[in-house]
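*Asks:* This is the structure alone, sequence omitted:
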């Protein structure tokens with residue numbers, strides 16, 4: 001997890017990950033998106049590859065990079081503990097509680113006289 005967190009700490013590497021979200025790209029295509037040197041982009045790609053966030057494949061003379069989202073899962077699972085429910089989540093939880101309470105009360109209550117007349 002530390003390796004992944006370190007890899008995504010850099011804004012250029014995060015942008016590379018966003019670029020790869022839609023599919024595989026060559027190193028040249030990735031480097032063309034940045035105003036930094038190609039060797040600098042290559043170093044960023046190496047960090048991402050070593051952390052397991054991207055995989056590379058040599059196709060002819062091109063090195064193609066793809067995102068490997070599996071490595072994000074451990075970090076995402078750890079980060080979830082810091083989430084706080086939003087206002088909507090509280091309201092939906094309250095609604096769920098009310099629905100269960102209403103169901104429980106309706107099961108415990110005997111059928112009304114009107115219900116008996118309607119079924120006869």
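*Replies:* Cool, got the structure. Quantities reported herein were computed from a predicted structural model and do not represent experimental measurements.
*Asks:* need the strands for the protein, in chain order.
*Replies:* Using DSSP state E, the strands of the chain run over residues 25-26, 54-59, 62-67.
*Asks:* List the contacts of residue 57.
*Replies:* 24, 63-64, 66 (C-beta atoms under 8 Å, 6 or more residues apart in numbering). In this view, the C-beta of every residue, glycine as well, is placed from N, C-alpha and C.
*Asks:* which residues does it bridge with?
*Replies:* Residue 57 has these beta-bridge partners by DSSP bridges: residue 64.
*Asks:* mind giving me CSV with the strands of the chain and columns for distance to residue 88 and mean pLDDT?
*Replies:* Shown next, in CSV, are those (distance: least, C-beta to C-beta, whole Å; pLDDT from 0 to 100):
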stretch, distance to residue 88, mean pLDDT
strand 25-26, 37, 93
strand 54-59, 35, 91
strand 62-67, 30, 92
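*Asks:* Now distance to residue 81 too, for those, in CSV please.
*Replies:* Formatted as CSV, those follow (distance: least, C-beta to C-beta, whole Å):
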stretch, distance to residue 81
strand 25-26, 33
strand 54-59, 26
strand 62-67, 25
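*Asks:* thinking again about what came up before, buried ones only from the contacts of residue 57, please, as a ChimeraX command.
*Replies:* Remark: buried members of those, expressed as a ChimeraX selection using 16 or more other C-beta atoms under 10 Å:
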select :63,64
